[in-house]
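J.: Got a predicted structure plus its sequence, pasted below:
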Amino acid sequence: MTAQAATPHPEHEGDRAFFGHPRGLATLAGTELWERFSYYGMRAILLLYLTDTVANGGLSMDATTGAAFVSIYGTSVYLVSVIGGWLADRVVGARRAVLYGGVIIAAGHVSLTVPGYGFSMLGIGLVALGTGLLKPNVSSMVGELYARDDPRRDPAFSIFYMGINIGSLFAPLVVGIVQRAWGYHAGFSVAAVGMAVALVFFVGGYRYLGRAGTDVPNPVRPEDRPAVLRLGLLVVGAVVVATALAVVVAGGWAVEVFIDATSYLALATPAVLLTVMYRSKRVTAAERPRVVAYVPLFVASMLFWMIFEQAATTLTQFAADRTDLQLFGITLSPAFFQSVNPASIILLAPVFAWLWTKTGDRPPTAYKFVLGLTLAALSFVFLATMSAAFAGTLAPPWVLIIVYVIQSLGELCLSPVGIAATTLLAPRAFRGQAMALWFLSNAAGQAITAQTIEATDGVSDTAYFGGIGLVALVCAGVLLALAPWVTRHVRRADELEREAAGGGPDGGRG
């Protein structure tokens, strides 16, 4: 999203105080750890809060609408991330975007601690807005601590993402325990404390960041203002059209209008962006095959996230309604199971890093996408099978644990290579928007989830999970058939670029 500095601030070059890395990495990793703690802690109990009875402290939203709403909340976070990256690039810089985002998130969590529908909706909206500002930009600041050829750069991101998973691991555990003991608003207060700690880390560590995140890489110039105004009007117009269409479909104003309007935007935006990329005069003939090759990968990513992000919706419902929460004499919170994924990532990520190194980073990217989507699909097929096997009774806890482990394996196949593939296949003129496109695959996937949940209201768990799993398996099969075609398109683009640069098809001098 945000452009990275070509060279680090001089004070970072010799700074190895944090496990051989600049102390600024500790600041950013700590900030992200606690921000993720607050985000996943709040998300872990959000559906339960929305759908529980007023007598139990909830909002009494029906289960279908609540699950669709939580999915669209996730969609809105990733949609706003695109705007957050643009604002950092063109207006405020990454550091101020992170600070403003953190303050807005904290205000949202505080609002959620206050009982009442209005405060809850305000809080959810503020958390989504703040996360969209913070999430893409704190990551970009990590890159600004290092020169592009600094060998510490990749290990730095590994440390940074380990912080993300540590925060994600403990958040559902802690918030779930607090919520069961003292209620939903007490659970939200834990998330508020987590965000406060994140802000302390960030502001307190300013002196270790040097100039990272202070520059505005591509500021809006006076001559740019008409184009920016047109872009703003286009965005507002798209929102108005999507909302009007949603009102017509819903037959009036209701929560469903927000769900449907956001879904339309999330599904239309990547289609428009990919079309603009392909037809742009700034995209060369050599680059167009890459744009075409990226489309099936984007669709596979979208379907993967559609399944994976149901941790906060349908899987939470399954945990609360269909799962025996007694394990070794301990009563689990439904939120507990959301900690299985980050725990699996922490344990398995080094294994996968070793595996890809040993295999020479093979199989090719398209086949890794196939593996990731297949594993996600199989997790739902397995859950459908277990739902049928334990019909009329509660499923044991190990069922959901296995589901999350299978999905984590899929994530390790698809997510890391997805970022690399996005930046590799994006045309040079659109490199700055490449990560926006990657975020949009998650947004679109959760939008599909929201629409699917609404469309399958009343369908059994077995039919729901089995149907999605089988459709995803078919799509994985289609991608497997297309994988050689995708690889050929990428290689053809490489050949065309070499020829355009004056080399022969084999990369020689002619």
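T.: The structure has been received and is ready for your questions.
J.: the strands in the stretch 101-250 of the chain, which residues?
T.: With DSSP state E, counting those that start in this stretch as the criterion, the stretch 101-250 of the chain has no strands.
J.: ok, the most centrally placed residue in the chain - contacts?
T.: With distances taken as C-alpha atoms, centre = their mean, the residue of the chain nearest its centroid is residue 442 (5.5 Å). Listed by C-beta atoms under 8 Å, 6 or more residues apart in numbering, the contact set of residue 442 reads 74, 78, 301, 302, 305, 309. For the C-beta atoms, the positions are set from N, CA and C on the backbone; glycine is no exception.
J.: Now the strand or helix carrying it: average pLDDT?
T.: Assigned by DSSP states H and E, residue 442 falls within helix 434-455. For helix 434-455, mean pLDDT rounds to 90.
J.: Now that helix: buried residues?
T.: For helix 434-455, the neighbour count (16 or more other C-beta atoms under 10 Å) marks 434-454 as buried.
J.: now do stretch 26-35
T.: 26, 27, 28, 29, 30, 31, 32, 33, 34, 35.
J.: now stretch 314-328
T.: Neighbour-count burial for stretch 314-328, counted by 16+ other C-beta under 10 Å, picks out 314, 315, 316, 317, 318, 319, 320, 322, 323, 325.
J.: Dump it to PDB, restricted to CA.
T.: The C-alpha trace of stretch 314-328 is given here as PDB (Å, rounded to 0.1, in the frame of the first residue of the first chain):
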ATOM      1  CA  THR A 314     -20.600 -19.600  11.300                       C
ATOM      2  CA  LEU A 315     -17.800 -21.400  13.200                       C
ATOM      3  CA  THR A 316     -18.500 -19.300  16.300                       C
ATOM      4  CA  GLN A 317     -22.200 -20.300  16.000                       C
ATOM      5  CA  PHE A 318     -21.200 -23.900  15.600                       C
ATOM      6  CA  ALA A 319     -19.000 -23.600  18.700                       C
ATOM      7  CA  ALA A 320     -21.800 -22.000  20.800                       C
ATOM      8  CA  ASP A 321     -24.800 -24.100  19.600                       C
ATOM      9  CA  ARG A 322     -23.400 -27.500  18.300                       C
ATOM     10  CA  THR A 323     -20.200 -28.100  20.300                       C
ATOM     11  CA  ASP A 324     -19.600 -29.700  23.800                       C
ATOM     12  CA  LEU A 325     -17.600 -27.000  25.500                       C
ATOM     13  CA  GLN A 326     -16.400 -29.300  28.300                       C
ATOM     14  CA  LEU A 327     -12.700 -30.300  27.800                       C
ATOM     15  CA  PHE A 328     -10.800 -32.100  30.600                       C
END
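J.: So what touches it?
T.: The contact list for stretch 314-328, computed with C-beta under 8 Å, 6+ apart, reads 44, 47-48, 63, 67, 331-338, 383, 387, 390, 394-397, 399-400, 403-404, 453, 461, 464-465.
J.: if we go to 7 Å?
T.: With C-beta atoms under 7 Å, 6 or more residues apart in numbering as the contact definition, stretch 314-328 has outside contacts at 47-48, 63, 67, 331-332, 334, 337, 387, 394-397, 400, 461.
J.: Also stretch 466-481?
T.: Against stretch 466-481 from outside (C-beta under 7 Å, 6+ apart): 296, 300, 303, 307, 366, 369-370, 373-374, 376-378, 380-381, 384, 452.
J.: Out of those residues, which comes closest to residue 102?
T.: Within the contacts of stretch 466-481, the smallest distance to residue 102 is 30.3 Å, found for residue 307 (C-beta to C-beta).
J.: Chain neighbours aside, what residue packs nearest to that closest one?
T.: Excluding its sequence neighbours, the residue lying closest to residue 307 (C-beta to C-beta, 6 or more residues apart in numbering) is residue 376, at 4.3 Å.
J.: tell me what the host helix or strand of that neighbour is packed against?
T.: Using DSSP H and E, residue 376 sits in helix 365-389. Counting contacts by 3 or more C-beta pairs under 7 Å, 6 or more residues apart in numbering; DSSP states H and E, helix 365-389 is packed against helix 288-308, helix 397-425, helix 461-500.
J.: distance between stretch 141-161 and the chain's centre?
T.: 20 Å (C-alpha atoms, centre = their mean, to the nearest Å).
J.: re earlier: so for the contacts of stretch 466-481, which is the shakiest by pLDDT?
T.: Among the contacts of stretch 466-481, residue 366 has the weakest pLDDT, 88.
J.: my guess is that one contacts residue 484, does it?
T.: No: in this structure residue 366 lies outside contact range of residue 484 using C-beta atoms under 7 Å: 8.1 Å.
J.: And these two? Which one has more around it.
T.: Using other C-beta atoms under 10 Å as the criterion, residue 366 and residue 484 rank with residue 366 on top: 23 against 12.
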